[in-house]
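Participant: here is my input; please provide its structure:
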Amino acid sequence: MEYPFYFYAAVLESNNKPLSIKKIKFPGPLKPGQILVKLFYSGICGKQIEEIKGLGGDDPYLPHLLGHEATAIVLDKSAEVSKVNVGDTVVLHWMKGDGLQSEVPDYFCAETGIKINAGWVTTFNDHAVVSENRVTKISGKSDLMPTALFGCAATTGPGVVFNQMNISDETSVAVVGVGGVGLFVIQALALKKPKNIVAIDINDKALTLAKKMGATNIFNSSNTDFTKKINDIKGSGFDYVLTVTGDKEAIESSIELASVPGQVIIIGVPPKDSKIKVDPWKIMHLRNISGSLGGSINPSTDIPEYINLYEQGKLPIDTVVTNVFDFRNINQAIELFNSENHSGRIMIKFNHD
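Facilitator: Numbers count the residues shown, from 1 in each chain. The predicted model follows:
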């Protein structure tokens with residue numbers, strides 16, 4: 001591979017502004033642990049929307065690249081990389097897997113020479129230099145469009161169910177927030193067959209999808225009769241409440257749905273420095289609240305396992321994909337992601353003519 005190498009990326013230059021498609025220069029050569037990949041598909045996660053809106057506070061890295069779940073093929077690697085070879089098909093993920101953690105790549109805008117920052121993996125770009133521990137080799141037999149979701153959403157959701165829950169046929173579960181990750185949670189729960197899988201959201205389209213994914217009951221929490229209807233199901237509370245939203249009020253309300261004792265797992269990411277109120281008496285009596293970081297997965301083992309479930313039709317993540325946009329239309333995709341009526345998952349496709 002000859003360097004410098006040029007590619008195109010959607011760059012976040014300012015918060016709350018559309019991304020700018022820029023020609024990027026990577027001077028090369030690859031440093032220890034770095035891999036050059038060509039991307040096929042990328043998902044859009046709430047984390048990227050958070051970064052675009054500046055919800056995490058001041059962003060000292062502007063301008064920078066975005067994205068953390070994708071499928072790609074290896075074009076080049078440093079001599080120290082042993083995990084993959086040139087030509088391998090890989091999933092790009094934000095959770096650390098096996099292999100070296102490299103330095104972050106040095107990128108520059110090809111037209112202006114301005115430095116463009118990036119982390120160990122970015123996916124809103126048609127090519128990328130990524131760290132060895134952010135890639136996992138796959139067979140390449142699966143449809144590369146939905147498989148990209150195993151970089152984050154389609155591992156986080158099932159990971160919570162498979163790694164953090166103990167489910168029997170008498171277990172009752174409530175899932176608060178059934179966007180992309182919440183729908184994958186429900187798909188994984190359906191495999192475990194608990195007594196109840198109750199989906200709660202304010203988006204009727206998302207709730208309809210949740211029912212198709214395996215929810216036994218669906219509730220729109222904005223309806224006036226919600227409290228009465230949910231009480232008819234939950235009785236003294238749900239054994240597990242999975243909160244897949246970062247909304248502060250929704251998190252507080254979802255905690256009250258749990259039984260005492262019971263388990264609340266917070267999966268959604270609330271705005272930085274936000275605080276929630278809880279009833280300490282119920283915490284004292286073993287209503288436990290915990291978080292989930294990426295479903296506590298090991299990418300090197302769990303991603304292949306979950307892809308195997310997908311290929312067997314047991315984890316039909318492709319049914320959650322509602323829209324596919326060309327990379328050049330990424331701002332339209334982000335606008336749709338932010339719309340109130342959207343449900344499911346949006347994918348970005350890279351065309352390499």
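
Participant: what are the contacting residues of stretch 205-214?
Facilitator: Stretch 205-214 is contacted from outside by 175, 178-179, 182-183, 186-187, 189-190, 197, 199, 201, 215, 218-220, 319-320, 341-344, using CB atoms under 8 Å, 6 or more residues apart in numbering. Heads up, the C-betas are built off the backbone N, CA and C, glycines and all.

Participant: roughly how far out does that stretch sit from the chain middle?
Facilitator: Per CA atoms, centre = their mean, to the nearest Å, the displacement of stretch 205-214 from the mean C-alpha position of its chain is 18 Å.

Participant: for that stretch, the averaged confidence score.
Facilitator: Averaging pLDDT along stretch 205-214 gives 94.

Participant: just the CA atoms of that stretch, as CSV, please.
Facilitator: Presented in CSV, the C-alpha positions along stretch 205-214 are these (Å, rounded to 0.1, in the frame of the first residue of the first chain):
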residue,chain,number,x,y,z
LYS,A,205,-44.2,3.0,15.4
ALA,A,206,-41.4,1.7,17.7
LEU,A,207,-43.9,-0.1,19.8
THR,A,208,-45.4,-1.8,16.8
LEU,A,209,-41.9,-3.0,15.9
ALA,A,210,-41.4,-4.2,19.4
LYS,A,211,-44.5,-6.3,19.2
LYS,A,212,-43.1,-7.9,16.0
MET,A,213,-39.8,-8.5,17.8
GLY,A,214,-41.4,-10.5,20.6
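
Participant: elements contacting the one helix or strand residue 182 maps to?
Facilitator: If you go by DSSP states H and E, residue 182 is part of helix 180-192. With contacts taken as 3 or more CB pairs under 8 Å, 6 or more residues apart in numbering; DSSP states H and E, helix 180-192 sits against helix 153-164, strand 172-176, strand 196-201, helix 204-213.

Participant: list the buried residues in it.
Facilitator: Going by neighbour count (16 or more other CB atoms under 10 Å), the buried part of helix 180-192 is 180-190, 192.

Participant: with stretch 334-351 instead?
Facilitator: Across stretch 334-351, burial judged by 16+ other CB under 10 Å covers 334, 336-337, 342-350.

Participant: equivalent analysis for stretch 250-261, please.
Facilitator: For stretch 250-261, by 16+ other CB under 10 Å, it's 250-251, 254-255, 257-259.

Participant: can you name the next helix or strand after the helix or strand bottoming out on mean pLDDT in the chain?
Facilitator: Across the helices and strands of the chain, mean pLDDT, DSSP states H and E gives its lowest value to helix 226-234, namely a mean of 81. Once helix 226-234 ends, the next helix or strand along the chain (criterion: DSSP H and E) is strand 238-243.

Participant: that next one pairs with which strands?
Facilitator: If you go by DSSP bridges, strand 238-243 pairs up with strand 172-176 (parallel), strand 258-266 (parallel).
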